[in-house]
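S.K.: Below: sequence and its predicted model.
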Amino acid sequence: ASPQTEMGRLSRSLNAMLAHIETAFAAQKASEAKMRRFVSDASHELRTPLVTIRGFSEFYRHGGLRTEEEVSTAMGRIESEATRMSELVEDLLVLARIDDARPARQRPFDLLLLGNDAAVDARVNAPGRRVTVTGLDGGSPRNAPVLGDESRLRQVVGNLMTNALRYTPEGSPIDIAVGTVETVGGAMDSVIEIRDHGPGISDADAARVFERFFRADTSRTRETGGSGLGLAIVAAIVAQHDGSVRLSETAGGGATFSVRLPFSAHDLAEELTATDGA
Ligand code: ADP
C-alpha cells in the first residue's frame, strides 16, 4: 500500500479511537454527575431526621420539655426518626451492594413460591386484607421458573407488597398473579404481578416512581414513612437479573407492578426428576 493509503487508514483508526474515548469520557462524566446527585440526595434524606432528633434533645437539655407527657412525646419522635434513619441506611446499603455486580447466588427456583409466601406473610402482617394468588389470566396460578438470587427476588416481591399494603386503603384486596408469557422474540418470560385496587399512580408520577428517592405526593407519603428507595431497589434487582419491571393500571383502578424475568426450564426439569424419584 502507498504511504498515502497507509496514512489515510491510520488517521481513520485514530479518529475512531478518539471517538471511543470521547464517548467513554462522556459516560463517565454522566455517571459521576449521577453519583454526586445520589450522594447529595442521600445526605439530605439523612439530615432531615437528624435535625429533628437534635432539635428535640437540645430542647430537652434546655428544659423546654416540662411535663412527663411532653418528654414522652419527644422520646417517641426521636425513636421513630432514628428508626427511619436506620431503615434508610439499610436501603442505601442494599442499593450499593446491588450496584456492585451481578447476583452472587444464581439458583433455579419458582416465582410461584415467592407469590405464595408473600400471600402468607400478608395474612400474618395484615390480617384484614384479602390477598389471592392466581394465574395471569385470573385462573389458577402457574409455575414460573427462573434462575436467580432468591433472597434478592424475595425483596422485589416484598417491596411491591409493602407498597401495595401501604398505599391502598385498609380492606382493599391485593392480587398476586403468577405465570409465563411468550416474548416478542418467541422466548418465554416468567412473570409475577402485584395488582392492587388503591388510588393508583398518575401518569406523571408513573414515569418517575422507579427513581431513587422519588415519592409521589410527598406530604401524604412522608407520613407513611417510606425512604423513596423501595422501587429503585426493585428496578435494580430486576435489571441485574436481565428482567424488566413495568407499572400499569389495574383493571378497575389501582396499580399493577409486573416483573418479568427470563424463563428457566432448568427448574421444571429438576422438579420433575424430584417427583419421579419420590
Ligand atoms: P417509598 O419508600 O416512598 O414507598 P418507593 O420507591 O417504594 O418509595 O415508592 C415511590 C412512591 O411511589 C411512593 O412514595 C408512593 O407515592 C408511590 N407508590 C408506590 N407504590 C404504590 C402503590 N401500590 N399505589 C400507589 N402509590 C404507590
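M.R.: Perfect, thanks for sending it. Owing to the predicted nature of the structure, the values given are computational and were not obtained by experimental measurement.
S.K.: ok, now which ones touch Asn125?
M.R.: Shown in contact with Asn125 (CB atoms under 8 Å, 6 or more residues apart in numbering): Leu165. C-betas here are computed from N, CA, C, even on glycine.
S.K.: Can you pull the phi/psi pair for it?
M.R.: phi -80, psi -30 (degrees, to the nearest 10).
S.K.: mind checking how far it is from Ala118?
M.R.: Using CB to CB, to the nearest Å, Asn125 is found at 10 Å from Ala118.
S.K.: Packing partners of the helix or strand where Thr48 lies?
M.R.: Thr48 is part of helix 3-61, with elements assigned from DSSP states H and E. If you count contacts as 3 or more CB pairs under 8 Å, 6 or more residues apart in numbering; DSSP states H and E, helix 3-61 packs onto helix 68-100.
S.K.: Sort out which residues of the helix it packs on are buried, please.
M.R.: Ala74, Ile78, Glu81, Arg84, Met85, Leu88, Asp91, Leu92, Val94, Leu95, Ile98 (16 or more other CB atoms under 10 Å).
S.K.: show me where pLDDT drops low in the stretch 101-250 of the chain?
M.R.: 101-104, 218-225 (pLDDT under 70).
S.K.: Name the residues that touch stretch 139-149?
M.R.: 103-112, 115-116, 133-136, 153, 177-180, 190-192, 237, 241, 261-268, 271.
S.K.: Then stretch 54-65?
M.R.: Val71, Ala74, Arg77, Ile78.
S.K.: picking up where we left off before, weed out the non-buried ones from the contacts of stretch 139-149.
M.R.: Buried by 16+ other CB under 10 Å: 103, 108-112, 115, 133-134, 136, 153, 177-180, 190-192, 237, 241, 261-264, 267, out of the contacts of stretch 139-149.
S.K.: Now do the SS call for Gly253.
M.R.: Following DSSP: H, G, I helix; E, B strand; the rest coil, we place Gly253 in the coil state.
S.K.: can you offset everything so residue one is 727?
M.R.: OK, 727 is where the count begins now, so the last one is Gly979.
S.K.: who touches it in this structure?
M.R.: With CB under 8 Å, 6+ apart, Gly979 has these contacts: His923, Pro925, Gly926.
S.K.: can you narrow the residues you listed to ones near the ligand?
M.R.: Contacts with the ligand are made by Pro925 out of those, judged by CB under 6 Å from any ligand atom.
S.K.: can you give me phi and psi for Thr860?
M.R.: Per degrees, to the nearest 10, the backbone of Thr860 is at phi -130, psi -180.
S.K.: List, one by one, the residues from this structure near the ligand.
M.R.: Counting by CB under 6 Å from any ligand atom, the chain sits next to the ligand at 889-890, 893, 922, 924-925, 927, 935, 940-943, 947, 952-958, 981.
S.K.: repeat that for 5 Å
M.R.: 889-890, 893, 922, 924, 927, 935, 941-942, 947, 952-954, 956-957, 981 (CB under 5 Å from any ligand atom).
S.K.: Sort out which of those are buried, if you could.
M.R.: Buried by 16+ other CB under 10 Å: 889-890, 893, 922, 924, 927, 935, 941-942, 952-954, 956-957, 981, out of those.
S.K.: beta partners of Phe983?
M.R.: For Phe983, the beta-bridge partners under DSSP bridges are Ile920, Leu973.
S.K.: So it sits against Leu973, correct?
M.R.: Yes. Using CB atoms under 8 Å, Phe983 is in contact with Leu973, at 5.7 Å.
S.K.: These two: which is more packed in?
M.R.: Applying other CB atoms under 10 Å to Phe983 and Leu973 shows that Phe983 carries more neighbours, namely 25 against 16.
S.K.: In contact with that one: list those residues for me.
M.R.: Residues near Phe983 by CB under 8 Å, 6+ apart: Leu886, Asn889, Glu919, Ile920, Val960, Val971, Arg972, Leu973.
S.K.: Glu813 too?
M.R.: Glu813 neighbours (CB under 8 Å, 6+ apart): Ser953.
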